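Asker: Next comes the sequence, and after it the predicted model I'd like to discuss.
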There are 2 protein chains.
Amino acid sequence: MTRDPKRTRPDAPTRTTLSRAYIAAVALALVDDIGRDRFSMRKLGAELGVDPMAVYRYFPDQEALFDGIAEALFTELDVDTLPWDGPWHDMAGQYHRRLRDTLLAHPHAVTIFATRPLRSPAAIDAGTRMIGQLTAAGIDAADALRILRCLREFTVGHALNLAVLQLGARRRSRKPRPDSAGYNALAYAADQAETGDHFDLGLTALLAALPH
Amino acid sequence: MTRDPKRTRPDAPTRTTLSRAYIAAVALALVDDIGRDRFSMRKLGAELGVDPMAVYRYFPDQEALFDGIAEALFTELDVDTLPWDGPWHDMAGQYHRRLRDTLLAHPHAVTIFATRPLRSPAAIDAGTRMIGQLTAAGIDAADALRILRCLREFTVGHALNLAVLQLGARRRSRKPRPDSAGYNALAYAADQAETGDHFDLGLTALLAALPH
DNA sequence: AGTCCATGTCTACAGTGTAGACACGCCCGG
DNA sequence: CCGGGCGTGTCTACACTGTAGACATGGACT
């Protein structure tokens, strides 16, 4: 089961005190390990080597901690290294591909990311920069936001769908054999289409049909 | 707060015994009222006028009950009345618009729907019918599945995003005034773009760029 | 030296999902 | 007619959850 027994867990920064970022990173690693539903503040405390209540000095409640996890995922995107100077199609394409890859690297955390708005300064800053790049290309600001929302919603929906399928397949393991009665056109198509290889199809379709 | 004090709750079918469908419908109504996080089996039992443990005669656990809620949402789509005989663009367009409308009518239940695969017979049947309509139009089965996945992922991602924004706005109520420092290009664009009116943009873009 | 405050700890409480034994009504073979 | 099974709802109990509130402690600053 644990393919990677020594799962990478962020090292404590010489263990002086806790910090929001460190707690969020450990919480993310714990969610990666055991999933959101098995996650608990007590287990997080144990993982931190600290009383569970200590976390509440840094986050008002579990919901805020999950906001922190979403933030940690966002910083993993490293948006500063995007092509902010080229055509916006390149920037947007790369950004959403990175978003997809990052989310799929944390399948257990995708629902956490997908179910809350990201309002951290870094995220807002990236959003404004994107809007700016589109308006610089002659696109109305409102249209720019619409376009970016479409791309983002497709990407997040895609990652969420894949994560759900992948995690659900683990416990069900129901794949009808080609000779069984349940093997219909849908199952046949699913056999042909590798799961997840349609992301580029949708992304390029969206980019192609939207204004340049 | 409760704009609609007498919230429509499905009538008991002359109250002989419970049933999976009835329990799922009441659970959905309860989630609509109080949200998924405040939902509990005990409250569901109270709403049903029955011991909480009675539900476990019909669903093995809460997760299975939520599967039932997702099923209830799917049946609300009434897929039989889709234009199964016309061009598949019409069928797919109408289907995903209905899906969006239904999900937005249950903002508190969107996360439940989005975070589990739908494997009910009705859903599988609808899926195979859709695949069939696309292959009848000369599209390879694997490509048909890819196309449908793109559309579905965009739609679900969209509904999830809107639900999250709408529900989050209720508790935060943070909308920067135009004269404040936090009013940047993103906030300006958000003021211009009505939330949610970009769905047609993305859907038609996807349909236009995909094979006919 | 004394005060304050940030940080971590402890206890406690209300509420959760659900396992397992129990009670009651209906149906059906004798 | 009966008696027993069985489907359905009930009750109790347990391990576990998030988190409020009081407490300890150690270093920093006056």
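Answerer: Nice, thanks for sending it over. Numbering: from 1, shown residues only, chains lettered A, B, ... in the order given.
Asker: Quick check on the residue with the largest distance to the centre of chain A: phi, psi?
Answerer: Using Cα atoms, centre = their mean, the residue of chain A lying farthest from its centre is A:D179. It sits 37.3 Å away. Main-chain torsions, A:D179, degrees, to the nearest 10: phi -90, psi 0.
Asker: Let me see the confidence value for it.
Answerer: Reported pLDDT at A:D179 in the predicted model: 71.
Asker: separation between it and A:E194?
Answerer: Applying Cβ to Cβ, to the nearest Å, the value for A:D179 to A:E194 is 22 Å. Glycine gets a C-beta too; all of them are placed from N, C-alpha and C.
Asker: mind listing what the spatially most central residue of chain A touches?
Answerer: Centroid-nearest residue in chain A: A:L103, 3.0 Å away (criterion: Cα atoms, centre = their mean). A:L103 is in contact with A:L73, A:A109, A:V110, A:F113, A:T155, A:V156, A:A159, A:L160, A:A163, counting by Cβ atoms under 8 Å, 6 or more residues apart in numbering or on different chains.
Asker: Model confidence for it, exactly?
Answerer: 98.
Asker: State the distance from it to A:V164.
Answerer: A:L103 is 12 Å from A:V164, where distance means Cβ to Cβ.
Asker: Let me see the contact set for the closest residue to A:T115 other than its chain neighbours.
Answerer: Take A:T115 and drop its neighbours on the chain: the residue closest to it by Cβ to Cβ, 6 or more residues apart in numbering or on different chains is B:T111, 5.2 Å away. For B:T111, the contacting residues are A:T111, A:T115, B:R36, B:L160, B:A163, B:V164, by Cβ under 8 Å, 6+ apart.
Asker: Report the contact partners of the last one.
Answerer: Under the criterion of Cβ under 8 Å, 6+ apart, the contact list for B:V164 reads A:A114, A:T115, A:R116, A:P117, B:T111.
Asker: quick one: the third one and DNA strand D, what's the gap?
Answerer: Okay, so that is A:R116. According to Cβ to the nearest atom of the strand, to the nearest Å, A:R116 stands 14 Å off from DNA strand D.
Asker: Repeat that for the last one.
Answerer: Using Cβ to the nearest atom of the strand, one obtains 17 Å as the distance from B:T111 to DNA strand D.
Asker: now swap in the fourth one and tell me
Answerer: Summarising the geometry, the distance separating A:P117 from DNA strand D, computed by Cβ to the nearest atom of the strand, is 18 Å.
Asker: if we can go back for a sec, name the residues of the helix or strand hosting the residue nearest to the centre of chain A that are buried.
Answerer: Assessed by DSSP states H and E, A:L103 sits inside helix A:88-104. The neighbour-count check on helix A:88-104 (16 or more other Cβ atoms under 10 Å in any protein chain shown) flags A:W88, A:M91, A:A92, A:G93, A:Y95, A:H96, A:R98, A:L99, A:R100, A:T102, A:L103, A:L104 as buried.
Asker: Wait, A:L82 touches A:G93, no?
Answerer: No: if you go by Cβ atoms under 8 Å, A:L82 and A:G93 don't touch, sitting 9.9 Å apart.
Asker: in chain A, what spans have low per-residue confidence?
Answerer: A:1-15, A:172-177, A:181-182, A:189, A:191 (pLDDT under 70).
Asker: Okay, domains of it per the record?
Answerer: For chain A, the structural domains run A:20-59, A:78-209, going by automatic domain parsing.
Asker: so does the last one get close to DNA strand C?
Answerer: No: applying Cβ under 7 Å from any atom of the strand, one finds domain A:78-209 separated from DNA strand C by no less than 13.2 Å.
Asker: so how far is that domain off the chain centroid?
Answerer: Per Cα atoms, centre = their mean, to the nearest Å, the displacement of domain A:78-209 from the mean C-alpha position of its chain is 9 Å.
Asker: The shortest one now?
Answerer: A distance of 18 Å separates the C-alpha centroid of domain A:20-59 from that of its chain, computed with Cα atoms, centre = their mean.
Asker: Would you mind measuring the gap between the ends of that domain?
Answerer: 8 Å (Cα to Cα, to the nearest Å).
Asker: now A:I124: how far from DNA strand C?
Answerer: According to Cβ to the nearest atom of the strand, A:I124 and DNA strand C sit 25 Å apart.
Asker: Hmm, that residue is touching B:L186, no?
Answerer: Yes: judged on Cβ under 8 Å, A:I124 makes contact with B:L186 at a distance of 6.3 Å.
Asker: Pick out whichever of the two has more residues nearby.
Answerer: B:L186 (24 against 15; other Cβ atoms under 10 Å in any protein chain shown).
Asker: What strand or helix carries the nearest residue to A:N161 once chain neighbours are set aside?
Answerer: Nearest residue to A:N161, sequence neighbours excluded (Cβ to Cβ, 6+ apart): B:E153, at 5.0 Å. Following DSSP H and E, the helix or strand that holds B:E153 is helix B:141-172.
Asker: Next, the angle helix B:88-105 makes with that helix.
Answerer: 20 degrees (axes from the mean of the first three to the mean of the last three Cα atoms, to 10 degrees).
Asker: which one is the residue of chain A found nearest chain B nearest to, not counting chain neighbours?
Answerer: Of all residues in chain A, A:G157 sits closest to chain B, at 2.4 Å by Cβ to the nearest Cβ. Nearest residue to A:G157, sequence neighbours excluded (Cβ to Cβ, 6+ apart): B:G157, at 2.4 Å.
Asker: cool, A:H198 as well?
Answerer: Nearest residue to A:H198 in three dimensions, chain neighbours excluded: B:R146, at 3.6 Å (Cβ to Cβ, 6+ apart).
Asker: returning to that earlier point: could the buried residues of helix A:88-104 be laid out in CSV, adding distance to DNA strand D?
Answerer: What follows is the buried residues of helix A:88-104, written out as CSV (distance: Cβ to the nearest atom of the strand, whole Å):
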residue, distance to DNA strand D
A:W88, 40
A:M91, 38
A:A92, 36
A:G93, 38
A:Y95, 32
A:H96, 32
A:R98, 30
A:L99, 27
A:R100, 28
A:T102, 24
A:L103, 22
A:L104, 25
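Asker: and A:T155, what does it touch?
Answerer: A:H96, A:L99, A:R100, A:L103, A:F199, A:L203, B:G157.
Asker: Going by distance to B:T17, which of these wins?
Answerer: Nearest to B:T17 among the contacts of A:T155 is B:G157, at 39.1 Å by Cβ to Cβ.
Asker: That concludes my questions; thank you for your assistance.
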